[in-house]
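Student: Here is my input; please provide its structure:
(one chain, ligands or ions: 1)
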Amino acid sequence: MKHPIIEDLRWRHTCKKYDSTKRISETDLDVLFEALRLSASSINSQPWRFVVIESEEARQRMNGTFAHKFQFNQPHVTAASQIILLAHNPRYTREDYAEVVDNGIEDGRTRPEEREDAFGGFAFAEMNTDENGDTRCWTKAQLYIALGNLLHTLARLRIDATPMEGIDIERVNQAFAKELDGYQCDVALAIGYRHEDDYNAKLPKSRRRLDSILIRI
Ligand SMILES: Cc1cc2nc3c(=O)[nH]c(=O)nc-3n(C[C@H](O)[C@H](O)[C@H](O)COP(=O)(O)O)c2cc1C
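Tutor: Numbering: from 1, shown residues only. The predicted structure follows:
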């Protein structure tokens, strides 16, 4: 199939080795960050926070979290251009939603006199909150929409990436507790440019057949 979207999605792969001499330009980073910000989410909740690791100090902190687990992902910490920690709010509240509602007023989407009505959508958050105030199943699902959106944006920009659930979640959340500020990181994304020895770049893409995943009725 020849279509620019399909070409983007065929071009991308999970990068297994980065060229540490190459760094993403600020112009492209701006596009990536804006794409993250524009991601869709249920009731426009945007229950996320993104911590971008790029300084030597932050890289060292991230490096330390690989002491016990998932060392196959560790080389990306130094070789990739950036590592993004994608985090979600595991206890999303009405106060959190108030920021969304007030942004809606500021952006001219909601009239100030309709502020109270705008909280109607929060029922969706309540439906997904357990008796202890835990929203993590729902907020984590929203976060992965941002991850998918970012993966496609990266492909469009011909920037390589490695989604990583292979991180020591406990250590990462401890090491970056200040920056995460109560948000929970379960997945990270390395971004940069592939090394010529990245074996995965040369492998054919493999996916389930369309007729085993799609039913048209
Ligand atoms: C949420 C998520 C977590 C992943 N975690 C890792 C990981 O820790 N390390 C890794 O090398 N690949 C990881 N992958 C990459 C997948 O294995 C990969 O996307 C899949 O095999 C499809 O291959 P492709 O991305 O090259 O098309 C992850 C992918 C996703 C979407």
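Student: Now this protein against the ligand: closest residue?
Tutor: Gly166 (2.8 Å; C-beta to the nearest ligand atom). All C-beta spots, glycine's among them, are computed from the backbone N, C-alpha and C.
Student: burial of that residue, as a residue count?
Tutor: 15 (other C-beta atoms under 10 Å).
Student: was I right about it contacting Phe72?
Tutor: Yes. Shown here, Gly166 and Phe72 form a contact pair, counting by C-beta atoms under 8 Å, at 6.8 Å.
Student: rewinding a little: quick check, the residue of the chain closest to the ligand in a helix?
Tutor: No. Counting by DSSP: H, G, I helix; E, B strand; the rest coil, Gly166 is not part of a helix but coil.
Student: if I pick the nearest residue to it once chain neighbours are set aside, what's in contact with it?
Tutor: Spatial nearest neighbour of Gly166, excluding adjacent residues (C-beta to C-beta, 6 or more residues apart in numbering): Phe70 at 3.8 Å. Phe70 sits next to Met164, Gly166, Ile167, Asp168 when contact means C-beta atoms under 8 Å, 6 or more residues apart in numbering.
Student: What about those residues, which one has the most neighbours?
Tutor: The most crowded member of the contacts of Phe70, judged by other C-beta under 10 Å, is Ile167 (23 neighbours).
Student: Identify the residue nearest that residue in space, chain neighbours excluded?
Tutor: Ala188 (5.2 Å).
Student: show me where the chain has strands.
Tutor: Secondary structure of the chain (DSSP state E): strands located at 48-53, 82-88, 160-164, 184-192.
Student: Throw those into JSON lines and include distance to Ala175 and mean pLDDT, thanks.
Tutor: Putting the strands of the chain into JSON lines (distance: least, C-beta to C-beta, whole Å; pLDDT from 0 to 100) gives the following:
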{"stretch": "strand 48-53", "distance to Ala175": "10", "mean pLDDT": "98"}
{"stretch": "strand 82-88", "distance to Ala175": "10", "mean pLDDT": "98"}
{"stretch": "strand 160-164", "distance to Ala175": "15", "mean pLDDT": "98"}
{"stretch": "strand 184-192", "distance to Ala175": "10", "mean pLDDT": "98"}
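Student: Please give me every residue in contact with the spatially most central residue of the chain.
Tutor: Nearest to the mean C-alpha position of the chain, by C-alpha atoms, centre = their mean, lies Leu147 at 3.4 Å. For Leu147, the contact set (C-beta under 8 Å, 6+ apart) comprises Leu86, Pro163, Val187, Leu189.
Student: got the CA coordinates for stretch 148-160 in PDB?
Tutor: Extracted in PDB, the C-alpha atoms of stretch 148-160 (Å, rounded to 0.1, in the frame of the first residue of the first chain):
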ATOM      1  CA  GLY A 148       0.900   6.300  20.400                       C
ATOM      2  CA  ASN A 149       0.500   9.800  19.200                       C
ATOM      3  CA  LEU A 150       4.100  10.500  19.900                       C
ATOM      4  CA  LEU A 151       5.300   7.400  18.100                       C
ATOM      5  CA  HIS A 152       3.500   8.400  15.000                       C
ATOM      6  CA  THR A 153       4.800  12.000  15.200                       C
ATOM      7  CA  LEU A 154       8.300  10.700  15.600                       C
ATOM      8  CA  ALA A 155       7.900   8.500  12.500                       C
ATOM      9  CA  ARG A 156       6.700  11.500  10.500                       C
ATOM     10  CA  LEU A 157       9.900  13.400  11.600                       C
ATOM     11  CA  ARG A 158      12.000  10.300  10.800                       C
ATOM     12  CA  ILE A 159      13.200  10.200  14.400                       C
ATOM     13  CA  ASP A 160      13.800   6.800  16.000                       C
END
